[in-house]
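Trainee: Just a sequence and a predicted model for now, questions to come.
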Amino acid sequence: MKNIVKPSIFFVLLLLSSCNDEYLELVPETEIAVDNFFNTEEDLATYVNGLYSFPDFGIYYDDEATDNAATTGNREIKTIMTTNANSTTISSGWNWSYLRDINLFLANSPKANVPEMTRKHYEGVARFFRAQFYMDKVKRFSDVPWYDTVLTTDSDDLYKSSDTRAMVIDKIFEDYQFAIDNVFTDQPSGAVNKWVVLAYASRNALFEGTFRKYHDELTLEASANRFLELASTYSKRIMDGGAFAVHNTGKPSADYHSLFVSEDLRSNSEVIFSNISIANLRNSGFSVTVFGNYEMSPTRDLAETYLMADGSYYSTQPNYRTATFVEQFQRRDPRLSQTFAPPGWELINVSNYSSGSRNYVQQLNKSFTGYHQIKGFVNNTDQDFVNGLDVPVFRYAEVLLTYAEAQAELSIINQSILDQTVNLLRNRVGMPALQTGISADPVQAAKYRTVSNPVLLEIRRERRVELALEGRRLDDLMRWKAGKLMEQEPVGLYFPALGKYDLTGDGVEDIVLLSESENVPNLTSREVNTLGATLIYYRAGAFGSNTDVYLTRGNSGYVVATPERGTFQDPKHYYRPIPFNEVALNGNLKQVFGWN
Amino acid sequence: MKKVYLFLCLFFIGTLGFSQVRVSGKITDMMNEPLVGASVVVTGTTNGATADLDGRYNLVAKTGDRISFSMIGYLPQTLVVTAGTTINISLKEDSRALDEVVVVGFGTEKKINLSGAVNNVSVDQLKTRPVNNVSQGLQGISPGLNVDFNSGEPGSNPRLNIRGFTSINGGDPLIIIDGVPADVALLNLMAPEDIESISVLKDASSAAIYGARAAFGVVLVTTRTGSSDRISVSYNTFGSFGTPTVVPNKTTDPYIYLALQRLSEDNTPWTGVGTSAERLQWARERSNDPAGTVGVRENINSPGTWEYMGNKNWTDHFLSNSTFSQNHNLSINGGSKKVNYYVSGSFNKHNGQLKVADDFFDRSGVRSRVNMEMTDWLSISNNTSYLMSNRENPSFFNMQTLYNFEPTDSDKNPDGTWANSEVGRMGARLVDGGTETNTSRTFQTTFSGEAWILKDVLKVNAEYTLRNETSDYDAYYSKINIGYGPSDIREEGNNQVWKSNGDQNYQVLNVYGTFNKKFGKNALTFLGGYNQEQFRSDNVSLRRDGVISSSLPTLELATGTLFGSQNIESWALRGVFYRANYVYDDRYIFELNGRYDGSSKFPKANRFGFFPSVSGAWNIAKEKFLAGKFSQLNMLKLRASYGSLGNQAVGAFDYIPSMGSSLGNYIIGGERPLQITSPSIVSDNYTWERVTSQNFGLDVGMFSNKLTASFDYFIRDTKGMLTLGKDLPAVLGASEPRENAGDLRTKGWELSLTYRTVLGNSSNPINFSSQFNLSDSKSFITRFDNPNNSLLQYYEGMQLGEIWGLTSDGFFTSTEQIDALDQSSIIPWGALEIVEGWPKFVDLDGNQRIEKGLSADDSKDLRVIGNMLPRFRFGLNLNADWNNIDLGVFLQGVGKRDFYPRDYLYWGFYQQPYSGGYPHLQDFYRATDDNAAKMADHSQSYIDAGLASANPDAQYPVLQAWMADRNLGERLDQAQGLSIPQTAYLQDGSYLRIKNVTVGYTLPTKLTSRAGISQLRVYFSGDNLFEWSQIADFFDPEAVSDTNNRLDPAYSPGRGETSGYQYPYQRKYSLGLNLNF
């Protein structure tokens, strides 16, 4: 008996563990394979959610290194202009994974068992994102290879040469058109709808139209008007759609600013697309550094662009180039004081990058202009409010400006168009209407020598002012072929001499500028002004001196920000090189306009 | 005292009075060879002698005395002195040394019959010195077993490795505890005191029986079992105080700090901090008169806000100088003939270094082993353990931030609120910001049966193991209050609660039969078996913002949206294995091992693999032709093995292109909807890496095995390493699929020497033993698809760990020199200016330009300047005991290693002007003395430190911020300026560390036996007492061992991965007790 028991134990155990394939056949339970997906509308929506890509709070910094703002930080255009840039040092922007994500969707969406309208809506959203993707590529590289299929590791197309800009742009606008025709109008807040597509299509049509018109190196001038007309068409459709209006509650000194510090823009009639934050659900990326002397500061050139409150050119003011800080803000377009911190502005959300609370005294510092940005700055310490800040990514105001500019470029601008566009924006802030038949501002004309139409010059001014420090400036300079404007060294406040100055506009002096050789007196022996505040002492000197503030003439002049802006090489710097490594891998790719 | 003399006199008189005889003779072994140094002693006296070179001895004794003969490695004998005066004796070899068995896969083997590379680790010190966990006790004690702690954080697990670099995809040794695969975390949860033996299987032959997971060796751990005699109880405990070993040394002088910070900025086109003249003035006052100058005041330029001028080393403020840890272990073992048992319970609490909040790891567990002999042929046993761990620390805790604090910060405002500074925020977060706990509970039980089908010839074993591990993560983040000004206190942060729960299930079934038979001088062993394992883990993570009350931080009492995610992973393995072992006369040994394995981690077609090995050994000392010729040679054995194994260290479903889901980052319709991301590309031919090893070994035993030595040489080829395939254009839009496209060869050797002897008076001897081990390995890439030999990828011929860098040529000392050599391409941000005092480099390619060449074929001015992988790792263990006193000294170290430092921790203001103040950097290049105006501004401390004087022969360059900026990236193509490795600042990372010194005293048995105590030992011990190392001026030498990702030239390390920022390691001083009943 024992002799049977023992072997049988052995065999029973072997049986238990008999080789069946199922034991090793496991599948992922928290991930899904492509074959099992893209079946329902839910599937399509979930995948498309992953394609969303819109700018965020960063737009308030994106004018850095243009003529709107100085920066101590690292911006690609600054690196290009100040260093011996080449395809090894400038290597960003050649990432293609987003395109793969989009094309994978378009390759699989046809198998979804949903009504055709539904499918086309989601395909439209995906193609909208593809158009956005390629627009960014064209802006950098001009000619790029066009792909509308999912590449595999053995695709020959991996090694194809770039397609022409003209061809790729046509494909982009095919995508926009498909999206315009198919994306639904009624969508939940925060979702892409037809208006969002039209807005971006109009922006990019204007970009391409003006780019072709002014960039003769492309020899595409002949087709410029086609895109200017498209820009007009798209923007007019939004204007005629009636879904949007300029946010105007009759408060010229507040309505404009409120757009940029709002906890909820979803119901704001001016906002076509906002990047929404809700405290405790998705906190905003707000950072106090937008205000203080962290990396960015607005330039004097931008401050001088604003008109006088009566609509006259600021350049008609006597000695406007040497106006002091307080003088600069007197009787100006109200948007100036809603973009820059004006004299006497009250700072509540103090941070390590800004000094002074209450009656804010502009903090001076080497490398910074002394101007402080309040557009996008939440002057509120309530954490939930800060976390819930919404960012107006695309405003109706831009659509109006696009329409006006396209019409002006097509030379069909008239008073009625101005009244439907620019003048709505002026009206909000209580500025007089722009009239046809004006004479040009010589300052504005000197900036844009290729433009002779005074109205177009004023539309460009209006655009710079209305969209100041919202991240649109670099694109505008690029398409207008005005890159040279970035060579101008950014400067800040003007001080005619050393001594005491009022920066809060109340006639009482707030700061003292000492010379390099003087010492700051001890705490107890500092001067106290009539308001009971101790004056702030700075030692001023020439650039590089052992002082707190650099002035252009050492003991007088403008506050020096970042002194060296380098050279803008035309046309090379309107484009970017393809990364060195990619050209090495694919010899068919060619660099454009002198890059190597 | 008189009494003692009297007694001694009487004693001598007495002894003289009895019949004294002179006893002499010869002591030999069984082969009649003299045993030099054998000792003879009259039992119960101090009267003894030692055998001379011929084995002869003589001493005086009395008739009737018992004299005993002894010699290490031989069985002692005792004889009674009779009338005869010559006693010749031959001692038998102590065959225990020969019969010593070593645990190998699914069985044991006699040590003498091993043919593979197996190291039997001495586990004594796991009990006799204070170790918090098993792997701490393993560090440096086994040649080729490398234990690297990347952090000194309580409960942190080290990286275990056998024989150096394994694969570019990693690959760690398989850890097996009582026959069940485990991991380092589980190993470290065990009580070290419960361990009976540890074997390290290093080559393919010894590991092949574990197949696809044992490619890089096996650590076999066996726990203690019951005994079949009386009950014995053992209690071990220690308590220890820990202090940090090496923490950053920073200046606390506010003026020196701010003045150097400003100087570093002034040498750049940028202003980072822009310290004002006014602030410097305050710093000078505070520096000159610390007691008479306030450190916090209301900002006169910004009324209503505080400003600070601290003068403190905040590292010392937050890290304690002494934290207490303790350990307890109680075990009982015993049994009868039929049943035996071992049960134990343990508790260990390891406190971290953080001073202001709870920061500890504790583990506790129980273990029980019971074995029952059911019949004469069947026994059944159970092995069960339940292990728990708990890590608790503040939710916000970042060592990097802490190390980077500025001395000028403050932690508190005069009104007691937390300061508006980095330090204040850290203080607030540590104290008020909430805590997080990580707990785990592991239950494991193994039922096994052993049936003898043919008594002493054939047996069958079956083992079934179930392991269930649950882990919980609970964290609460609380808002903090920061005092910006006297009446401006602001709430910051969020009230957030996190909860994760993980559940892991693991089952193992092993069935195997062993046939064992001797035919004369032939011994045969066959072993064949089957193994299957399955694993499934399910992790759920939840998070909710808007906790209502900080005293009840639960998911239920929160107002925000509830976020959740789940991750399930599963895998299964199945294999059959065998071993055939043939031994002829303990002289010739031949062995085959192998396994056929299948894994769910690979596609069906490539799922199974066969991994065979062969090995042989020759015991030369047993040969007749040596007999009698080399009497001092006790053992001489040659070993060789060859085999192939698999590496399946890949993700469970890496072979399936699937799409993961995550929470979207856009609010759509008032919610954050789910999003799905596109799948990666997977190659069709994806399968295991194959690892082929060759091993050649030599074992020697001499002088009655007083001296033993082992040497192993190995070549390990890792073939078909999964790596990104051919570099494809980026328009593909995805990472290249991983293919089995890389090969690697590692060569190395290990040496271990053991010397044991008895010194001094033979009746009261000093037992001395020492063990030294040394190992080395080097790895080279032998195949990789990198046709241009780009230095941004692995390339053929590359030695793993190599550091490419520039060759230092001092500093520029004139504008002519600057003009003559174009270094513009290595300037950080392309914007700094090269000035006098800038580092100058050797123009290796002679083109008057310093450039980084990014191909090994054209590396321009780069060359290999060092290697970051440790070489010549060693350990030396010295033990002596005398008269109940024992002393142990353990040294451990690395003989050769290079390290290039980056980030604030070494470079301070050279990295960026936001943190620094390291005294070593004060030796920077200064062309001239400061002028009188500047002198007047300086504090006395600044002048005294020589910082205002010229320093042309400096160690560091001109103080220019951003010169060593690591934020451009650390990869070779990204690094610029001082972030490019270079010879002048390449650190010698070798070290020798006094890992442990223990002094113990065992109370005499006479005293303790009355209390029923068989042993009572108390000891005092010190850990990490001292280190000899150049690098220890800046970092703990073990803190730079995190080379893993850095070995990949394509890898761009993130900010948090910078070496040196590790949680501090501890020096520990302990008092311990071993008690046995």
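Mentor: Thanks, I have it.
Trainee: Quick one: residues contacting residue B:740.
Mentor: Going by CB atoms under 8 Å, 6 or more residues apart in numbering or on different chains, residue B:740 touches B:685-689, B:719-722. Where C-beta positions appear, they are placed from N, C-alpha and C, glycine not excepted.
Trainee: Now with 6 Å, please.
Mentor: Residue B:740 is in contact with B:720, B:722, counting by CB atoms under 6 Å, 6 or more residues apart in numbering or on different chains.
Trainee: element containing it?
Mentor: Counting by DSSP states H and E, the element that carries residue B:740 is strand B:738-759.
Trainee: mind listing what's buried in the next helix or strand after that strand?
Mentor: Proceeding N to C from strand B:738-759, the next assigned helix or strand is strand B:766-783, under DSSP H and E. By neighbour count with 16 or more other CB atoms under 10 Å in any protein chain shown, strand B:766-783 contains the buried residues B:768-769, B:771-781.
Trainee: one step back: for the strand holding residue B:740, the averaged confidence score.
Mentor: Averaged over strand B:738-759, pLDDT sits at 91.
Trainee: any idea of the angle that strand forms with strand B:766-783?
Mentor: Going by axes from the mean of the first three to the mean of the last three CA atoms, to 10 degrees, strand B:738-759 is angled at 160 degrees with respect to strand B:766-783.
Trainee: Tell me which residues of strand B:738-759 come out buried.
Mentor: For strand B:738-759, by 16+ other CB under 10 Å, it's B:738-758.
Trainee: How about stretch B:836-853?
Mentor: Buried residues in stretch B:836-853, counted by 16+ other CB under 10 Å: B:836-844, B:850-853.
Trainee: Can you name the residue of the stretch 151-300 of chain B nearest chain A?
Mentor: residue B:271 (4.1 Å; CB to the nearest CB).
Trainee: nope, the stretch 1-150 of chain B is what I was after
Mentor: residue B:106 (14.7 Å).
Trainee: Contacts only, for the nearest residue to residue A:258 once chain neighbours are set aside.
Mentor: Leaving aside its sequence neighbours, residue A:258 sits nearest to residue A:247 (CB to CB, 6 or more residues apart in numbering or on different chains; 7.5 Å). Counting by CB under 6 Å, 6+ apart, residue A:247 makes contact with A:255, A:268-270.
Trainee: do residue A:185 as well
Mentor: Counted by CB under 6 Å, 6+ apart, residue A:185 has contacts A:193-194.
Trainee: From residue B:459, how far off is it?
Mentor: 79 Å (CB to CB, to the nearest Å).
Trainee: closest to chain A among the buried residues of strand B:766-783?
Mentor: Closest approach to chain A among the buried residues of strand B:766-783 (CB to the nearest CB): residue B:781, at 20.1 Å.
Trainee: How about the contacts made by that closest one?
Mentor: Neighbours of residue B:781 in contact, by CB under 6 Å, 6+ apart: B:744, B:794, B:796, B:798.
Trainee: I'd like the distance from stretch B:671-685 to the chain centre, please.
Mentor: 36 Å (CA atoms, centre = their mean, to the nearest Å).
Trainee: repeat for stretch A:464-480
Mentor: With CA atoms, centre = their mean, you get 8 Å for stretch A:464-480.
Trainee: Could you tell me the average pLDDT over it, please?
Mentor: For stretch A:464-480, mean pLDDT rounds to 98.
Trainee: Tell me the spacing between the closest residue to chain A within the stretch 401-550 of chain B and residue B:563.
Mentor: Closest residue of the stretch 401-550 of chain B to chain A, CB to the nearest CB: residue B:545 (3.6 Å). With distances taken as CB to CB, residue B:545 is found 9 Å from residue B:563.
Trainee: so residue A:585 sits right up against residue B:730, yeah?
Mentor: No: the criterion here is CB atoms under 6 Å, and residue A:585 misses it with residue B:730 at 8.2 Å.
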